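Student: Build me a structure from this.
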Amino acid sequence: QVQLGESGGGLVQAGDSLRLSCAASGRSFSTYVAAWFRQVGGKEREFVAGIVQSGLRTDYADSVKGRFAVSRDNAENMLYLQMNTLKPEDTAVYYCAAKYGVRLTRITSDYNFWGQGTQVTVSS
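Tutor: Sure thing, here's the model as predicted:
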């Protein structure tokens with residue numbers, strides 16, 4: 001098992017940048033595919049970005065492609081999400097997640113472990 005904890009959220013203005021971090025503990029983080037999801041109110045949780053174990057392949061939702069960058073540091077058991085040119089529609093609770101296996105997917109139910117979330121609010 002792995003335990004996940006996000007940090008780095010906050011209140012920013014449109015156009016600003018934020019870097020989210022996710023600290024992993026427990027079983028070696030390098031064995032998991034990892035991803036970021038976000039959720040607004042009662043809406044479904046949506047995929048934002050994902051990265052395979054080696055870090056050599058990533059995937060992004062169209063809404064964040066070119067603005068967000070996902071990365072990981074397996075030696076430090078950390079996952080990151082660099083968010084640039086933030087927009088009010090990026091406002092959400094952001095979650096990091098990890099899954100067994102090698103497939104990088106966008107499906108919420110594929111992910112086995114979740115953090116508690118961190119709020120990101122972007123004002124216009």
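Student: In this structure, which residue is most central in space?
Tutor: Residue closest to the average C-alpha location in the chain (Cα atoms, centre = their mean): Trp36, at 2.1 Å.
Student: now that residue, nearest residue through space, not along the chain?
Tutor: Using Cβ to Cβ, 6 or more residues apart in numbering and skipping residues adjacent in sequence, the residue nearest Trp36 is Val48, 4.3 Å away. All C-beta atoms are positioned from the backbone trio N, CA, C, and that covers glycine.
Student: before we move on, the earlier item: may I have the beta-bridge partners of the residue nearest to the centre of the chain?
Tutor: On the basis of DSSP bridges, Trp36 is bridged to Ala49, Cys96.
Student: Go ahead and confirm it touches Val70.
Tutor: Yes. Using Cβ atoms under 8 Å, Trp36 makes contact with Val70 at a distance of 6.3 Å.
Student: okay, and the common contacts of those two?
Tutor: Any residue near both Trp36 and Val70 by Cβ atoms under 8 Å, 6 or more residues apart in numbering counts here, and that gives Ala49, Gly50, Leu79, Leu81.
Student: How about Phe47: what's its closest non-neighbour residue?
Tutor: Spatial nearest neighbour of Phe47, excluding adjacent residues (Cβ to Cβ, 6+ apart): Arg106 at 3.9 Å.
Student: Using CSV, write out the CA atom coordinates for stretch 9-29.
Tutor: Extracted C-alpha coordinates of stretch 9-29, given in CSV (Å, rounded to 0.1, in the frame of the first residue of the first chain):
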residue,chain,number,x,y,z
GLY,A,9,-2.9,24.6,-3.0
GLY,A,10,-4.1,28.1,-2.4
LEU,A,11,-5.8,31.2,-3.7
VAL,A,12,-4.2,32.9,-6.7
GLN,A,13,-5.2,35.2,-9.5
ALA,A,14,-5.8,34.3,-13.1
GLY,A,15,-2.5,34.0,-15.0
ASP,A,16,-0.6,33.0,-11.9
SER,A,17,1.3,29.8,-11.3
LEU,A,18,1.1,27.1,-8.6
ARG,A,19,3.0,24.0,-7.9
LEU,A,20,1.2,21.1,-6.2
SER,A,21,3.2,18.4,-4.4
CYS,A,22,2.1,14.9,-3.4
ALA,A,23,4.2,13.0,-0.8
ALA,A,24,4.0,9.2,-0.9
SER,A,25,4.8,6.9,2.0
GLY,A,26,4.6,3.2,2.4
ARG,A,27,5.4,0.8,-0.4
SER,A,28,7.9,2.2,-3.0
PHE,A,29,6.2,4.9,-5.0
